[in-house]
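**Student:** generate a structure from the sequence data that follows.
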Amino acid sequence: MAVSSPDLANAIRALSMDAVEAANSGHPGMPMGMADVATVLFTDYLKFDPADPAWPDRDRFVLSAGHGSMLIYSLLYLTGYAKPTIDDIRNFRKLGSPCAGHPENFEMPGVECTTGPLGQGLAMAVGMALAERHLNAVFDDSLVDHRTWVIAGDGCLMEGINHEAIGLAGHLKLGRLNVLWDDNKITIDGATSLSTSEDIPARYRASGWHVVACDGHDPADIARALDAALADDRPSLVQCHTIIGKGAPNKQGTAKTHGSPLGPDEIAAARETLGWTAPPFDVPAPILSAWRTAGARGGALRSAWQGRLVTHDDRVEFERRIAGHLPANDATATSIAGWLANPQKVATRRASELALDALTAAIPEMIGGSADLTGSNNTKTPATTPLTAADYAGRYLYYGIREFGMAAAMNGMALHGGVIPFGGTFMVFSDYARPAIRLSALQRARVVYVMTHDSIGLGEDGPTHQPIEHLQSLRAMPGLHVYRPCDIIETAECWQLALERADGPSLLALTRQNLPQLRDGGEMLSARGAYRLRSAKAARRVVLIATGSEVEIACGVAERLEAEGIGADVVSMPCTSRFDAQPADYRADLLPDGVLRVSIEAGTTFGWERYTGLDGLRFGIDRFGASAPADQLYDYFGLTAEKIAPKVIARVQH
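**Tutor:** Got it, this is the predicted structure:
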């Protein structure tokens, strides 16, 4: 049996409609509509090897339209990846199957990133393309020379993050990035004309992209468009005119194929229309063999690449970076030793800059940036020269006012491997970046967020810029380590911990206002999340728990309590999640029963009862802030030692 490109594509269609039907949920329309485009891409263009899914110089494929997850699951199975198996596909969307409703990078090799929240996949692909160009500039074509391919739907192009992502990609001339747009003109609600009339190709052209169109069901025309994309040195949008649910004779071209199973009758009709006689989840041997042959074509390319790697002068350094191992260095310890000898009163954003000066010089894979707040976030160092279209070897990105795009790009860079991205903005603008921060945590991406101006301490900019609920809402996010250091020593420790964490993101919440240096020892204490900074002198009756800029206040409260004969510990808690992971005996020793536990933080008091207990005291701000100098605001909201101490004393003596 001679196997044609439509035969190969129909295998995708059959697996997709059968899996969605078996699950009784899912999106068959996109995989069926883009099956022809995906077939041409995977059989003739994409550089990959299922025998080594982690091959560093593979092309990256991102299914930004993650709701059509059966497209990537079908492709991985057909081309010969170890996972998913056909049984995994049978169990699509069922508990325990790696074939989740949306693709998850931690479930199986071949899924480069977790997608589903529309637009973020394309934006992460921008980060992957950035990482490729940077590593190419550092190491050369013989080790790094690959492309990033994206399949995106109408929804991906409607989301606001698309504007941020394509603007950045066009500005940086990321010509190795190719986006295949599933232009089927259908969303869940119906025709796209219900909600949009914009000229998307014109928007992309205006952003510095090359645009080419094709018939998404004509293999020769698809190949022509992909060749045109490869020949252009700009990022390319390939407008693939497709029919959603292609092959389902009564529902194709309508929203009925978008978000629900086709149903037994329509599947039977589709089988007849497509000439597909095989039973569910059965791919005829000649077709499967042709797919496996296509999947194996990258083996020779990988072997040749490995031969170049073995003799490359930079092999050791390349392998270290790709493996994610930090270079041996004592940058943090050296800096801390100097600060212990010469204490400094600086804002923790400045302390972060001082730590970064040493760290970026010692760790060349660190790539920094800021969403147009470089001078405020203090993220630029002498070692990090600008990364531009003219110099991809640079290590600092000017993201512009694109917080969401920045965060998503950093996810893509981290997932690509070989780089450790960090980027800054104001803490209050974490709201703009939050969906990408959540995907950092879900994907276990090694990203460091530098969030400055972390409280009312920023002063006169007022309540629009003063975080209140942000710290606690971010701490509630599973997998995200939120650090709020109290001085220059803790800041350096938190940076070290963030960089050493290879399996998830970290966020540093940093002050605008200067803070005294409170630590007088160099032991790594922040690793435990919380520790006893000051021990009670009199019999301990109070434990004061504080973070960041309020640790200084807690020390002042403790002095006043001790003057009244009330012993008070001061506990600095730079990272609640690390503290929560400590052994029970350590936590009980630090926060014992039988004493008054008091929390002090310039943000919402919500959640602090977890540490104070319901009978404890919680000092914070449960309303929006105000516009005034920082010292006046702290006094106004009662966050001073002078105002807190009497209330603690009254409770103890009650």
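**Student:** so what touches the host helix or strand of residue 237?
**Tutor:** Under the criterion DSSP states H and E, the helix or strand holding residue 237 is strand 236-241. With contacts defined as Cβ atoms under 8 Å, 6 or more residues apart in numbering, strand 236-241 is touched by 34, 37, 175, 177-183, 200-201, 204, 209-216, 222, 225-226, 228-229. The way it works is simple: take the backbone N, C-alpha and C, and place the C-beta from them, glycine included.
**Student:** what of stretch 58-65?
**Tutor:** Against stretch 58-65 from outside (Cβ under 8 Å, 6+ apart): 30, 41, 46-49, 69, 71-72, 103, 111-113, 115, 118-122, 124-125, 128, 132, 146-153, 155-156, 179, 182, 298, 302, 416.
**Student:** 7 Å instead, please
**Tutor:** For stretch 58-65, contacts defined as Cβ atoms under 7 Å, 6 or more residues apart in numbering pick out 30, 46-49, 71-72, 103, 112-113, 115, 121-122, 124-125, 128, 146-153, 156, 182, 416.
**Student:** try stretch 107-116
**Tutor:** By Cβ under 7 Å, 6+ apart, stretch 107-116 touches 53-54, 60-64, 66-67, 72, 76, 81, 83-84, 98, 100, 102-105, 121, 124, 411-412, 415, 439, 442-443.
**Student:** if we go to 6 Å?
**Tutor:** For stretch 107-116, the external contacting residues (Cβ atoms under 6 Å, 6 or more residues apart in numbering) are 53, 60, 62-64, 66, 76, 81, 83, 98, 102-105, 121, 124, 415, 442-443.
**Student:** how about stretch 14-25?
**Tutor:** With Cβ under 6 Å, 6+ apart, stretch 14-25 has contacts from 26, 28, 31-32, 70, 74, 89, 92-93, 261-262, 267, 276, 280-281.
**Student:** out of those residues, grab the one that's most surrounded.
**Tutor:** residue 31 (35 neighbours; other Cβ atoms under 10 Å).
**Student:** ok, now how distant is that residue from residue 118?
**Tutor:** From residue 31 across to residue 118, the span is 16 Å (Cβ to Cβ, to the nearest Å).
**Student:** same check on residue 491?
**Tutor:** 37 Å.
**Student:** so between those two, which is more surrounded?
**Tutor:** Neighbour comparison, residue 491 and residue 118: the larger count goes to residue 491, with 34 against 22 (by other Cβ under 10 Å).
**Student:** what helix or strand is the more buried one located in?
**Tutor:** Going by DSSP H and E, residue 491 is part of helix 488-500.
**Student:** what mean pLDDT does that helix get?
**Tutor:** Helix 488-500 shows a mean pLDDT of 97.
**Student:** for stretch 343-355, same thing?
**Tutor:** 96.
**Student:** tell me how far that stretch is from the chain's mean position?
**Tutor:** The chain centroid and the centroid of stretch 343-355 are separated by 26 Å, computed with Cα atoms, centre = their mean, to the nearest Å.
**Student:** for the chain, which element, helix or strand, carries the lowest mean pLDDT?
**Tutor:** Sorting the helices and strands of the chain by mean pLDDT, DSSP states H and E puts helix 331-341 at the bottom, at a mean of 85.
**Student:** helices or strands up against that one?
**Tutor:** helix 348-362, helix 488-500 (3 or more Cβ pairs under 6 Å, 6 or more residues apart in numbering; DSSP states H and E).
**Student:** mind checking which of the contacts of stretch 58-65 are in helices?
**Tutor:** 30, 71-72, 121-122, 124-125, 128, 156, 416 (DSSP state H).
**Student:** which of those residues ranks first by neighbour count?
**Tutor:** Going by other Cβ under 10 Å, residue 124 tops the ones in helices among the contacts of stretch 58-65 with 35 neighbours.
**Student:** and the helices in the stretch 451-600 of the chain, which stretches?
**Tutor:** 470-475, 488-500, 550-563, 576-580, 584-590 (DSSP state H, counting those that start in this stretch).
**Student:** I'd like those as a markdown table, with distance to residue 615 appended.
**Tutor:** Below are those laid out as a markdown table (distance: least, Cβ to Cβ, whole Å):
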| stretch | distance to residue 615 |
| --- | --- |
| helix 470-475 | 20 |
| helix 488-500 | 29 |
| helix 550-563 | 18 |
| helix 576-580 | 20 |
| helix 584-590 | 17 |
